[in-house]
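Peer 1: Okay, structure incoming, though there's no sequence with it:
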Ligand SMILES: [Cu+2]
């Protein structure tokens, strides 16, 4: 085969490869959440990613529905979006991580774009959440994506045994895994060391506080130093 023939053969092959990539891209560019798997009971930050517009139309906003198993949600602000929470009353009051009684929960988080997001670009949205302590459970976060033209409802949840890849617009999900320290075989040993661990955790927190204090003091020193310098200059 001479180089000319190779080139002639190569072009259609490359085109075919591109076509395959093009077809594969939409599945990986859905609205997704990372991590898609994380420890049950954890306090964590989930990142919702929006990979494309509504059939080419720019995205104007997304509404994320919180699974009812999550009561505590703190959305991270985003300079390109206005963010609001819609609340709903809890059937029964619950106690939050700070020991306060809460009577309502965040039902949805709405990000509204200040400037529509063009198709072909992506944005991410962070939610700080307290996950329920139910290993093995998969939580669905249905998302409504609104666009300049139309909307996409990422709300499909696979039926028992169905492959989520078969769905056209699957709701992003997070699967809760067994916490590392909840390993059954180590449960007894853990009980013994749990007091020590609790102490260790306290120490860690103390160390963090000291770290932050040192950092704050250093910052203050810089600021005061700057002021002193400025004053010195002015008085001289
Ligand atoms: Cu997609």
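Peer 2: That came in fine, so what should we check first? If you're wondering where the values come from, they're calculated on a predicted model, not measured in any experiment.

Peer 1: Nearest spatial neighbour of the closest residue to the ion within the chain, chain-adjacent residues omitted?
Peer 2: Per C-beta to the ion, residue 30 is where the chain lies closest to the ion, at 3.6 Å. Placement of C-beta: from N, CA and C, glycine included. Nearest residue to residue 30 in three dimensions, chain neighbours excluded: residue 51, at 6.1 Å (C-beta to C-beta, 6 or more residues apart in numbering).

Peer 1: which ones are touching the one you found?
Peer 2: Contacts for residue 51 were tallied using C-beta atoms under 8 Å, 6 or more residues apart in numbering; they are 28, 29, 30, 31, 32, 122.

Peer 1: Domain map for this structure?
Peer 2: Domain ranges of the chain: 29-179, 184-235, per automatic domain parsing.

Peer 1: Single out the most deeply packed of those.
Peer 2: domain 29-179 (a mean of 15; mean count of other C-beta atoms under 10 Å).

Peer 1: tell me the mean pLDDT over stretch 161-169?
Peer 2: What stretch 161-169 shows for mean pLDDT is 89.

Peer 1: what bits of this structure have low per-residue confidence?
Peer 2: 1-28, 181-236 (pLDDT under 70).

Peer 1: So which elements touch the longest strand anywhere in it?
Peer 2: Using DSSP state E, we find that the single longest strand of the chain is strand 101-117. Contacts defined by 3 or more C-beta pairs under 8 Å, 6 or more residues apart in numbering; DSSP states H and E place strand 101-117 against strand 59-65, strand 73-75, strand 81-95, strand 123-130.

Peer 1: Repeat the analysis, applying 10 Å as the threshold.
Peer 2: Counting contacts by 3 or more C-beta pairs under 10 Å, 6 or more residues apart in numbering; DSSP states H and E, strand 101-117 is packed against strand 43-50, strand 59-65, strand 73-75, strand 81-95, strand 123-130, strand 143-147.

Peer 1: Next, format those strands as JSON lines and append distance to the ion.
Peer 2: Shown next, in JSON lines, are the helices and strands packed on strand 101-117 (distance: least, C-beta to the ion, whole Å):
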{"stretch": "strand 43-50", "distance to the ion": "9"}
{"stretch": "strand 59-65", "distance to the ion": "12"}
{"stretch": "strand 73-75", "distance to the ion": "22"}
{"stretch": "strand 81-95", "distance to the ion": "20"}
{"stretch": "strand 123-130", "distance to the ion": "14"}
{"stretch": "strand 143-147", "distance to the ion": "10"}
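
Peer 1: Any idea which of these gets closest to residue 137?
Peer 2: Closest to residue 137 of the helices and strands packed on strand 101-117 is strand 123-130 (C-beta to C-beta; 13.8 Å).

Peer 1: Pull the residues that contact the following helix or strand past the closest one.
Peer 2: For strand 123-130, the following helix or strand on the C-terminal side (DSSP states H and E) is strand 138-140. Strand 138-140 has contacts (C-beta atoms under 10 Å, 6 or more residues apart in numbering) with 33, 36-37, 46, 65-70, 129, 131-132, 154-158, 164, 170-176.

Peer 1: Pull up the pairing partners for strand 138-140, direction included.
Peer 2: Strand 138-140 pairs in its sheet with strand 173-177 (antiparallel), by DSSP bridges.

Peer 1: which residues does the residue nearest to residue 39 when sequence neighbours are not counted contact?
Peer 2: Once flanking residues are discounted, residue 39 sits nearest to residue 179: 4.8 Å by C-beta to C-beta, 6+ apart. Residue 179 sits next to 38, 39, 40, 41, 42, 133, 135 when contact means C-beta under 10 Å, 6+ apart.

Peer 1: do that again at 8 Å, thanks
Peer 2: Applying C-beta under 8 Å, 6+ apart to residue 179 gives the contacts 39, 40, 41, 42, 133, 135.
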